[in-house]
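Undergrad: here is a sequence with its predicted model. Questions after.
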Amino acid sequence: MKILCINFKGGVGKSTTAVHITGVMSGIGNTLLVDGDRQVNSYSFFLRGDLPQTDKVVEISNSLSVITLNSLSPTSRHALSQRISKIGKLKFEHLVFDTTPDAFSAAQIISEIEPDIILVPVKYGDEGGLIQLRHVFNSIQALIATGLNPVVKIVPIGIDEGSIIPFLPAVTFSFSFTDLIPADPLVFGMAMFRDFEYIWTYAGYEYLYDVYYNMIFGK
Ligand SMILES: Nc1ncnc2c1ncn2[C@@H]1O[C@H](COP(=O)(O)OP(=O)(O)OP(=O)(O)O)[C@@H](O)[C@H]1O
Ligand SMILES: [Mg+2]
């Protein structure tokens, strides 16, 4: 399965979503996390803060490997296509893509990886992320016009569906909302950037394993 975490806005929870989806998928099958952001946040989560080894698949465990796309200039469209197409040929059951908020590269990634599932995180207090939804949805619409049929889900992080809906453009594809991810900057920040631990290992957040699992396997 190919899973893409995307929003054309920074700081809305793409990497947090990608890391936890990778955690779920690597419990199920051989999974590669592809970090397409030069900040390499999700990649370095799995390397516990280490810097990238460019162009290499790094094996974290039997069923979990990571790679970055960061060696590429974001303007090098052809190089990015080649890189993505190579990754598509690697022998992994599941690919999870974290993306850059740079709209130009992100729009290209949407069209080139042919995702089965697109997760679009939106975080509370981030108007910019809501406003970018229009462009994200329009890019998905363009992808669907090419004959693909990905499942599209919005991941609401500390924000209710009613606050998101007015920002969505009219589209012909169907989409849904995942269960709510609670707003807790301190615990999520520690988990992602200090402890390099999944959020469901923290007291009170165990239920979030099921929430992330259901993003892929729930309706
Ligand atoms: N549930 C949450 N509640 C509060 N803050 C959160 C939550 N999830 C993530 N954050 C915080 O939001 C910030 C952005 O998260 P994250 O790095 O996942 O977003 P991103 O979209 O990948 O950002 P970037 O575009 O910079 O790569 C981080 O500081 C993170 O700790
Ligand atoms: Mg990120």
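TA: Structure received. Ligands and ions are numbered 1, 2, ... in the order given.
Undergrad: how many residues are close by the closest residue to ligand 2 within the chain?
TA: Taking CB to the ion as the measure, the chain has residue 15 as its residue closest to ligand 2, at 3.2 Å. To be clear about C-beta, it is placed using only N, CA and C from the backbone, and glycine gets the same treatment. Other residues lying near residue 15 total 25 when counted by other CB atoms under 10 Å.
Undergrad: ok, the one 10 residues further on next?
TA: For residue 25, the count of nearby residues is 25 (other CB under 10 Å).
Undergrad: isn't it right up against residue 3?
TA: Yes. Residue 25 lies in contact with residue 3 (CB atoms under 8 Å); the separation is 7.2 Å.
Undergrad: overlap in contacts of those two?
TA: Residues touching both residue 25 and residue 3 by CB atoms under 8 Å, 6 or more residues apart in numbering: 94, 96, 216.
Undergrad: looking at neighbours, which among those is most surrounded?
TA: The residue in the shared contacts of residue 25 and residue 3 with the most neighbours, by other CB under 10 Å, is residue 96 (32 neighbours).
Undergrad: hmm, back to that, can I assume the residue of the chain closest to ligand 2 sits in a helix?
TA: Yes. Secondary structure of residue 15 (DSSP: H, G, I helix; E, B strand; the rest coil): part of a helix.
Undergrad: check contacts around it.
TA: By CB under 8 Å, 6+ apart, the neighbours of residue 15 are 5, 35, 37, 39, 41-42, 45, 98, 192.
Undergrad: tell me what the lowest-mean-pLDDT helix or strand in the chain is packed against?
TA: The least trusted helix or strand in the chain, going by mean pLDDT, DSSP states H and E, turns out to be helix 77-89, with a mean of 75. Under the contact definition 3 or more CB pairs under 8 Å, 6 or more residues apart in numbering; DSSP states H and E, helix 77-89 sits against helix 103-113.
Undergrad: how about a cut-off of 10 Å?
TA: strand 31-35, strand 64-68, strand 94-98, helix 103-113 (3 or more CB pairs under 10 Å, 6 or more residues apart in numbering; DSSP states H and E).
Undergrad: next, the angle from it to strand 31-35.
TA: Between the direction of helix 77-89 and that of strand 31-35, the angle (axes from the mean of the first three to the mean of the last three CA atoms, to 10 degrees) works out to 170 degrees.
Undergrad: please renumber the chain so that the first residue is 862 from this point on.
TA: OK, 862 is where the count begins now, so the last one is helix 938-950.
Undergrad: ligand 1 contacts on the protein?
TA: Taking CB under 6 Å from any ligand atom as the contact definition, the chain meets ligand 1 at 871-877, 898, 900, 902, 962, 1018-1019, 1042-1046, 1049-1050, 1053.
Undergrad: rerun at 8 Å
TA: Counting by CB under 8 Å from any ligand atom, the residues of the chain lying close to ligand 1 are 866, 868, 870-880, 898, 900, 902-903, 959, 961-962, 982, 984-985, 990, 1018-1019, 1042-1046, 1048-1050, 1052-1054, 1060.
Undergrad: in strands, which of those fall?
TA: Secondary-structure check on the residues of the chain next to ligand 1 using DSSP state E: residues within strands are 866, 959, 982, 984, 1018.
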